[in-house]
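Trainee: Have a look; sequence and predicted model below, questions after that.
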Amino acid sequence: IVAPGYPPHLRPLGHHIGCPDLQQLVQHFLYDQLNPASAAPCHEVDISLCPLFYSKVSVFHSATTSFYAPSDICGVSGMHRQVIRSLQSWRGG
């Protein structure tokens, strides 16, 4: 379920959650994903070389993941499911 009350774009969302450089962090992350062989750490790459990101975003306070862990004999044939939760109050909110 999409969490209500959050701005749908990175720059205002970053200010809303107390992370004003969120837009640049996402751009550096995208650069790192698109250039895995880059010798420079993504945070050292000039922001002008990073891809632009202006799409809308949504905030979710939980996510469910399913994954296969063949080295873990627990679960059915190594399949696992995990719920990850995040609450604003965990950061002093």
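Mentor: Happy to help now that I have it.
Trainee: What sits closest to Ser66 if chain neighbours are left out?
Mentor: If the residues on either side of it in the chain are set aside, Ser66 comes closest to Arg81, at 4.9 Å by CB to CB, 6 or more residues apart in numbering. For every residue, glycine as well, the C-beta is placed using N, CA and C.
Trainee: whoops, Leu87 was the one
Mentor: Of all residues not flanking Leu87 in the chain, His61 sits nearest, at 6.3 Å (CB to CB, 6+ apart).
Trainee: repeat for Thr65
Mentor: The nearest residue in space to Thr65 (CB to CB, 6+ apart) is Gln82, at 5.3 Å.
Trainee: Contacts only, for the one you found.
Mentor: Contact partners of Gln82, counting by CB atoms under 8 Å, 6 or more residues apart in numbering, are 64-65, 67.
Trainee: In this structure, what residue spans correspond to strands?
Mentor: Assigned by DSSP state E, the strands in the chain fall at 62-68, 79-85.
Trainee: picking that back up, can you tell me how far the residue nearest to Leu87 is from Ser55?
Mentor: 20 Å (CB to CB, to the nearest Å).
Trainee: Tell me which of these two has more neighbours.
Mentor: Shown here are His61 and Ser55; by other CB atoms under 10 Å, His61 has more neighbours (12 against 8).
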